[in-house]
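Visitor: only geometry, no sequence info:
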């Protein structure tokens, strides 16, 4: 099956309130254009160099999501155009994004990445670290970023019970943060979890945004 058929099948399997980010990393422009022409506007890349190059070559109304680990020295390349930065895992990174967005007279949407997986290799904040960031004086001064919600990645396991529990943990952290730091912020509404292997579980637990690559574009090209 081709990109358009795959995209249609994934879309039909998702509740209408979930944003689908098509993960286009390593994929050629032609495949991205196929998905775009079928109505897909949100695309995710994990490398700054690829993201900036594709944004220059491809249609201007594509909403580009930075889904990989972002280093502070690379923020300046994304800040003129990026739609959302998914993996914010430090106050320093958030501060850098804010300063760079200010220079471009923009407000950049971000997700705080919370570590919910049992695997030690995953990036992300603990619940306590995430709370400390949004309750800090430094954060209160930032006017050019907007925390839209939380992002998390479940353990790579066949144990669906464990995956569900990890998604539920993110929901709990989200609810606590919404009640404390963001109770008057309508924009704090994103619980981003779920990828090609577990997105149906994620949809069942209340995810609002899933990142799907291989089910749309086929296996990765390296």
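Guide: On my side now, so go ahead. In this text, all values refer to a predicted model and were calculated from it rather than measured experimentally.
Visitor: so where's this structure shaky on pLDDT?
Guide: 120-122, 220-222 (pLDDT under 70).
Visitor: could you pull out the strands for it?
Guide: When secondary structure is read from DSSP state E, the chain shows strands at 19-23, 42-45, 63-66, 84-88, 108-113, 145-151, 190-192, 209-212.
Visitor: tell me, what residue is most central in this structure?
Guide: With the centre of the chain defined as its mean C-alpha position, the nearest residue by Cα atoms, centre = their mean is residue 86, 3.5 Å away.
Visitor: what's the single longest helix in this protein?
Guide: Of all the elements of type helix in the chain, the one with the most residues (DSSP state H) is helix 160-180.
Visitor: count of residues packed around the closest residue to residue 95 other than its chain neighbours?
Guide: Among residues not flanking residue 95 along the chain, residue 138 sits closest, at 6.5 Å (Cβ to Cβ, 6 or more residues apart in numbering). Any C-beta I mention is one placed from the backbone N, CA and C, and that applies to glycine too. Residues near residue 138, counting by other Cβ atoms under 10 Å, number 12.
Visitor: Numbering from 34 from now on, please.
Guide: Fine by me, first position is 34 from now on; the one you just mentioned is residue 171.
Visitor: surely residue 171 meets residue 129?
Guide: No: in this structure, residue 171 is not within contact of residue 129 by Cβ atoms under 8 Å, at 11.9 Å.
Visitor: Let's have the strands of the chain in TSV, adding distance to residue 211.
Guide: Listed next are those as TSV, based on distance: least, Cβ to Cβ, whole Å:
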stretch	distance to residue 211
strand 52-56	18
strand 75-78	23
strand 96-99	22
strand 117-121	17
strand 141-146	12
strand 178-184	9
strand 223-225	10
strand 242-245	16
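Visitor: With respect to residue 65, which of those lies nearest?
Guide: Within these, the stretch nearest residue 65 is strand 75-78; the backing value is 6.3 Å (Cβ to Cβ).
Visitor: Remind me what the closest one packs against, helices and strands.
Guide: In terms of contacts (3 or more Cβ pairs under 8 Å, 6 or more residues apart in numbering; DSSP states H and E), strand 75-78 is packed against strand 52-56, helix 62-70, helix 81-90, strand 96-99.
Visitor: and if we set it to 6 Å?
Guide: For strand 75-78, the packing partners by 3 or more Cβ pairs under 6 Å, 6 or more residues apart in numbering; DSSP states H and E come out as strand 52-56.
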